[in-house]
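In: The following comprises the amino acid sequence and a computationally predicted model.
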Amino acid sequence: MTNSVLFRARVPADRLKRAEEVFARLGMKTSDAFNMFLAQVELRKDLPFVITSKPKTLITTAEQGKAWEDALGEY
C-alpha cells in the first residue's frame with residue numbers, strides 16, 4: 001500500500017459544499033480532486049493555473065461565437 005498522510009485544511013463551508021457538488025457531477029470525491037491537484041503541481045512544478053492581479057480581458061460573446069465558427073464551421 002502507498003504511504004499516505006492525512007491532510008486537513010480549514011475552508012469556508014459553502015465553498016466546500018459548492019465544490020463537492022461539482023466533484024459529484026464528475027463522479028469524484030473531494031479527496032480525488034485534491035489528489036489530482038497535487039499531482040498536477042508535482043508534474044508542472046508549479047500551480048496548474050495562472051494567478052495574477054492583472055487578468056486578461058474576457059472576449060465578448062460575438063468574439064467567442066466567431067472563434068467557435070472559425071474552429072468548427074458554421075452552425
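Out: Everything's here; your move. Here the structure is a predicted model, which is why all the values come from computation and not from measurement. Numbers count the residues shown, from 1 in each chain.

In: How about the secondary structure of residue 59?
Out: The local conformation at residue 59, judged by DSSP: H, G, I helix; E, B strand; the rest coil, is coil.

In: Excluding sequence neighbours, find me the nearest residue to it.
Out: residue 67 (7.3 Å; C-beta to C-beta, 6 or more residues apart in numbering). From N, CA and C alone the C-beta is placed, and that goes for glycine too.

In: Using CSV, write out every CA atom in the one helix or strand that neighbour maps to.
Out: Using DSSP states H and E, residue 67 maps to helix 61-72. Provided in CSV are the C-alpha atoms of helix 61-72 (Å, rounded to 0.1, in the frame of the first residue of the first chain):
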residue,chain,number,x,y,z
THR,A,61,-20.0,36.8,-26.9
ALA,A,62,-19.5,37.9,-30.6
GLU,A,63,-15.8,37.1,-30.4
GLN,A,64,-16.5,33.8,-28.8
GLY,A,65,-19.1,32.9,-31.5
LYS,A,66,-16.6,33.9,-34.2
ALA,A,67,-13.9,31.7,-32.7
TRP,A,68,-16.2,28.7,-32.5
GLU,A,69,-17.4,29.2,-36.1
ASP,A,70,-13.8,29.5,-37.3
ALA,A,71,-12.8,26.3,-35.4
LEU,A,72,-15.9,24.2,-36.0
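
In: longest helix anywhere in the protein?
Out: If you go by DSSP state H, the chain has its longest helix at helix 30-44.

In: in that one, what counts as buried?
Out: Judged by neighbour count (16 or more other C-beta atoms under 10 Å), helix 30-44 contains no buried residues.

In: which other helices and strands contact that helix?
Out: With contacts taken as 3 or more C-beta pairs under 8 Å, 6 or more residues apart in numbering; DSSP states H and E, helix 30-44 sits against helix 13-25.
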